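Enquirer: pasting the structure only:
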């Protein structure tokens with residue numbers, strides 16, 4: 001088994017164990033008072049993660065300089081071609 005396959009197997013097993021524990025915790029009556037929090041915490045984490053990705057995309061768009069207009073790029077390519085001949 002390669003290193004990548006071993007890491008993939010660990011990720012798979014971790015996700016499977018967490019899914020089983022989440023399902024058991026959600027539906028077992030001994031965790032009755034925690035049902036709200038068992039749902040609310042992952043929803044909160046997912047919501048914050050989505051907002052973080054959106055903020056990262058916005059920051060990247062705001063701080064990246066705009067590309068050159070296509071006419072300038074085409075003119076540069078034509079000039080390079082004529083200079084090389």
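Expert: Thanks, I have the structure now. On a predicted model such as this, the values are computed, not experimentally measured, just so you know.
Enquirer: Low-confidence bits of the protein, can you list those?
Expert: Scanning the chain for pLDDT under 70 picks out the ranges 31-32, 72-74, 79-80, 82-85.
Enquirer: hey, which helix is longest across it?
Expert: When the chain is parsed with DSSP state H, its longest helix is helix 35-63.
Enquirer: Check which helices and strands that one sits against.
Expert: helix 3-27 (3 or more Cβ pairs under 8 Å, 6 or more residues apart in numbering; DSSP states H and E). (Each C-beta comes from the backbone N, C-alpha and C, glycine too.)
Enquirer: what's next to the helix it packs on, contact-wise?
Expert: Identification of contacts with helix 3-27 by Cβ atoms under 8 Å, 6 or more residues apart in numbering yields 1, 31, 34, 35, 38, 39, 42.
Enquirer: Buried residues in the longest helix of the chain, which are they?
Expert: Across helix 35-63, burial judged by 16 or more other Cβ atoms under 10 Å covers no residue at all.
Enquirer: and that helix with helix 3-27, angle?
Expert: Put simply, helix 35-63 runs at 130 degrees to helix 3-27, going by axes from the mean of the first three to the mean of the last three Cα atoms, to 10 degrees.
Enquirer: Return the distance of helix 35-63 from the chain's centre.
Expert: Its chain's C-alpha centre lies 10 Å from the corresponding centre of helix 35-63 when counted by Cα atoms, centre = their mean, to the nearest Å.
Enquirer: can you check stretch 30-40 too?
Expert: So, by Cα atoms, centre = their mean, the centroid of stretch 30-40 is 27 Å from its chain's centroid.
Enquirer: what's the first-to-last distance across it?
Expert: With Cα to Cα, to the nearest Å as the measure, stretch 30-40 spans 18 Å from end to end.
Enquirer: still on that earlier bit, could I get the contacts of helix 3-27 as CSV with distance to residue 54?
Expert: Below are those laid out as CSV (distance: Cβ to Cβ, whole Å):
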residue, distance to residue 54
1, 38
31, 33
34, 30
35, 29
38, 26
39, 23
42, 19
